[in-house]
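Structure for this input, please:
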Amino acid sequence: MADKHTRKIKNKMPYKKTKTRDKKTAKVLSASRQKRIKMLEQGLLNSEEMNKKLLIASSDAIVTISSGGIIIHASEHAADMFSVDDVEELFGRRIYDFTAARDKQKLLEGIKRCFVEGYVRGMEITFMGNSGRDVDSNVNCVKLATASASPDAAMLAIRDISARKRMEKHLI
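The predicted structure is shown next:
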């Protein structure tokens with residue numbers, strides 16, 4: 001005989017048992033639950049499509065990193081900024097590999113703060129492309145909570161402000 005707790009858990013199972021023709025027990029989701037799942041899946045597909053379009057439309061470089069600073073996803077603008085031929089060359093590399101030595105500590109502290117506070121705005125960081133040119137940037141960082149138990153991620157929006165910096169130096 002199942003104890004009280006086990007019966008409670010069994011009653012909350014997301015399926016109901018039905019008999020098949022050969023009298024075996026099968027787990028079948030109810031029709032309304034299947035409909036809800038399909039609606040959620042469609043919502044996720046629509047959201048994914050919208051996010052892809054947002055990445056294309058954005059003039060900023062968008063980079064998603066793991067809590068360890070590993071690049072998980074990047075936009076085409078990020079590939080241009082970091083002077084790589086294909087955006088996939090960025091995947092698996094550390095964001096700090098593209099950061100000027102003088103700003104690595106500042107970026108590291110900013111990302112740590114982002115994971116604690118949820119977001120950080122207005123960090124001025126100098127990145128270096130593979131070509132060796134410096135790119136003065138304004139970086140905004142937001143923490144992304146993941147559904148699984150895996151570590152959190154963060155999304156960086158990186159705006160090239162090199163032209164503005166050159167004009168400021170010219171005016172001074």
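
Only C-alpha atoms from now on, for both contacts and neighbour counts.
OK.

Grab the longest helix from this protein for me.
helix 31-57 (DSSP state H).

relative to helix 31-57, how tilted is the next helix or strand after that one?
Going down the chain from helix 31-57, the next helix or strand is strand 61-66, by DSSP states H and E. With axes from the mean of the first three to the mean of the last three Cα atoms, to 10 degrees applied, the angle from strand 61-66 to helix 31-57 works out at 130 degrees.

Go ahead and measure how far strand 61-66 is from the middle of the chain.
Relative to the chain's own centre, strand 61-66 is displaced by 6 Å; criterion: Cα atoms, centre = their mean, to the nearest Å.

Does residue 104 touch residue 98 like I think?
No. Assessed by Cα atoms under 8 Å, residue 104 is found out of contact with residue 98, at 9.1 Å.

When these two are compared, which one has more neighbours?
More neighbours surround residue 98 than the other of residue 104 and residue 98, with 21 against 18 (other Cα atoms under 10 Å).

Please list all residues in contact with that one.
Residue 98 makes contacts with 82, 127, 128, 129, 130, as judged by Cα atoms under 8 Å, 6 or more residues apart in numbering.

how near is the last one to residue 50?
Okay, so that is residue 130. Distance, residue 130 to residue 50, using Cα to Cα, to the nearest Å: 30 Å.

Same check on the second one?
The gap separating residue 127 from residue 50 is 28 Å, by Cα to Cα.

And the two? Which one has more around it.
Neighbours were counted for residue 127 and for residue 50 using other Cα under 10 Å; residue 127 has more, 26 against 12.
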